[in-house]
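**Q** Here is my input; please provide its structure:
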Amino acid sequence: MTHGNGGDRRESDRPIGRFSSLKIELGTLIVIATAIAFVMAWFLLKVGWSGWLAMPLTLAVALGITYAFSRGMTAPLRQIRDAAEAMAAGDYTVRVDEDATRRNDEIGQLARSFNEMAGELQHADQMRRDMVANVSHELRTPVSALQAMVENMADGVTDPTPANLEGILNQTHRLSDLIAFLLDLSRMEAGAASLNVERFDFADFLDETVEPLEIADGGHAHDIRLDVPAGLIMEGDQDRLRQLFTNIIGNALKHSPDGSAVLIEAREDEQHGTIVTNVVNYGSQIDPAARSDIFRRFVKGKTGPGTESGGTGLGLSISRWAAQLHGGTVDVVDDERGADFEVILPKYHTA
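**A** Numbers count the residues shown, from 1 in each chain. Next up, the predicted model:
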């Protein structure tokens, strides 16, 4: 959908629309209008017109020429204004038409940037809608299960056995995880979070991070291999970093066939003062065109052709956010072995 004025001139109809600068276009317009006014005034005076008649007529003609030319020059600005008003009212599908985006001057650059921004806002709005639907579903499931379990116990239908209580505990864990996701989203929206920086052994840290993931992996029989040198000390917020690696490793497990291996290897880059960690999901690959998209908020990966992985679509974006809080990066890199998430973190935290 585009907004525009059918009476506005298209770029091909603007005699001075080929310049790469709006200042040059305006300067050219002033020169043309002034030259026409001068020639017209000279001619009218030459043929005997009174100056009191020639000057007003000349000014009117100059103003008419200026208005006609400037209307075509500023048409995209009116389109951008109308589109911005539509977006303010909640319509993110509006775009400035292609004629405006093909201009070579600053207005053309503005039109192209506006369309890119509108596309990003439309994507974000759709992802938010999807996230609300996903969160509602994710909340409804454990809440319904908890309600049924507690009602059955209250009515005496079931007994509060250890197995039943464990089921209630598992559902509360699901709720806690979802609430943690939402809190992390609010922190990302705020753009910052406080860090509790401490020194720790990186190998021990990864062991502690992987252990609950191995337990949760259940009957999928994934082989999680750790290749981390002993005595590798770093500084950072363990809770945030555990969040980072839990999401990255959990993502690798989720997208690995049962019985396959996931490698976690780390090394110190002494030249740059960083610790480089690679989480390799053997056998699978990520399309290079999709590598940046998977880190966007609310974007969910595929577990198979035409199927989504479920969840909130926040895990990888939270991982990148946690890395950035430490001055690090998370990216997917080329690796013949499989999908490789490379995490680069400064060894020592600098405030």
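
**Q** Let me know how buried Leu45 is, in neighbour terms.
**A** 15 (other Cβ atoms under 10 Å). All C-beta spots, glycine's among them, are computed from the backbone N, C-alpha and C.

**Q** wait, Leu26
**A** 17.

**Q** Would you mind measuring from it to Gly64?
**A** 17 Å (Cβ to Cβ, to the nearest Å).

**Q** same check, this time on Ala323
**A** 61 Å.

**Q** out of the two, which sits in the busier spot?
**A** Ala323 (22 against 11).

**Q** Disregarding residues adjacent in the polypeptide, which is nearest to the more buried one?
**A** Val330 (4.7 Å; Cβ to Cβ, 6 or more residues apart in numbering).

**Q** wait, the one you found sits on Arg320?
**A** Yes - between Val330 and Arg320 there is a contact at 4.6 Å, judged by Cβ atoms under 8 Å.

**Q** so what pLDDT did Met234 get?
**A** Per-residue pLDDT puts Met234 at 94.

**Q** secondary structure element for it?
**A** strand 233-236 (DSSP states H and E).

**Q** likewise Phe341?
**A** Counting by DSSP H and E, Phe341 is found in strand 338-346.

**Q** Who does that strand pair with, and is each partner parallel or antiparallel?
**A** Here strand 338-346 has these sheet partners by DSSP bridges: strand 274-282 (antiparallel), strand 329-333 (antiparallel).

**Q** Looking at the ones you listed, which one is packed in the most?
**A** Scoring the strands paired with strand 338-346 by mean neighbour count under mean count of other Cβ atoms under 10 Å gives strand 274-282 as the most buried, with a mean of 21.

**Q** What is the burial count for the closest residue to Ala322 other than its chain neighbours?
**A** Leaving aside its sequence neighbours, Ala322 sits nearest to Leu244 (Cβ to Cβ, 6+ apart; 4.1 Å). Applying other Cβ under 10 Å, we find 28 residues neighbouring Leu244.

**Q** Walk me through the domains of the protein.
**A** 2-121, 126-190, 198-346 (automatic domain parsing).

**Q** Just confirm Glu265 is within a helix.
**A** No - with DSSP: H, G, I helix; E, B strand; the rest coil as the criterion, Glu265 is assigned strand and is not in a helix.

**Q** What count of nearby residues applies to the spatially closest residue to it that is not a sequence neighbour?
**A** Excluding its sequence neighbours, the residue lying closest to Glu265 (Cβ to Cβ, 6+ apart) is Asp227, at 3.9 Å. By the criterion of other Cβ under 10 Å, Asp227 has 13 neighbours.

**Q** Got the phi and psi for Asp227?
**A** Backbone geometry at Asp227, expressed as degrees, to the nearest 10, gives phi -130, psi 80.

**Q** ok, it to Asn281 distance?
**A** 15 Å.

**Q** follow-up on the earlier one: helix or strand for the residue nearest to Ala322, which one?
**A** helix 238-254.

**Q** could you check the angle strand 329-333 makes with that helix?
**A** For helix 238-254 against strand 329-333, the angle by axes from the mean of the first three to the mean of the last three Cα atoms, to 10 degrees is 20 degrees.
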